[in-house]
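**Student:** Here's a sequence, model it:
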Amino acid sequence: QVQLVESGGGLVQPGGSLRLSCAASGRTLRSYAMGWFRQAPGKEREFAAAISWSGAITYYADSVKGRFTISRDNAKNTVYLQMNSLQPEDTAVYYCAAGPGWVLEAGYNYWGQGTQVTVSS
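**Tutor:** So this is what the prediction gives:
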C-alpha cells in the first residue's frame, strides 16, 4: 500500500506561482510512475502532468505545458508540481497519483486526498 499526501495549495493571484508536493509513505515511490490530476468546480477530474519512475520522461496536458513542471525526488519519496503563470482557470483541487496510468486516470492505483489551489485577485 502507498499513502499519498499533497501539500502546498493555497490562494494565489493571477500570474503567481505555487509548488505542490506529494509525499508518499508505506512503500517507496521508486517503482511507480506518478501523475498530477486536477478537478475544477463542476467539472470532471482531468490529467495535468505525469513523470516516469526515474524522472527521465515527463508529459503534460496542453493546458499546462510550458507553465507547469513535474519532478520527483525518489530519495525523499516525494513528487512535485511547480506551477507558474497561474490563471483563474487553474483553480481546482489537485491530486497526485501513483501507478502505471500515465494520462489515464483509471490506470492509477493510489491517490492522495487533494489540495486546493485557488487563483484569484
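**Student:** Show me what Val79 bridges to in the sheet.
**Tutor:** Val79 has these beta-bridge partners by DSSP bridges: Cys22, Arg72.
**Student:** Let the chain start at 178 from now.
**Tutor:** Yep, numbering from 178; the last one is Val256 now.
**Student:** Might you report the residue contacts of it?
**Tutor:** By CB atoms under 8 Å, 6 or more residues apart in numbering, the residues touching Val256 are Ser198, Cys199, Ala201, Leu206, Met211, Trp213, Ile228, Ile247, Ser248, Arg249, Asp250, Cys273. Just so you know, the C-beta spots here come from the backbone N, C-alpha and C atoms, and that holds for glycine as well.
**Student:** Any of the residues you listed buried? List them.
**Tutor:** Buried by 16 or more other CB atoms under 10 Å: Ser198, Cys199, Ala201, Leu206, Met211, Trp213, Ile228, Ile247, Arg249, Cys273, out of the contacts of Val256.
**Student:** element containing the third one, please.
**Tutor:** Right, Ala201. Take DSSP states H and E as the rule and Ala201 turns out to sit in strand 195-202.
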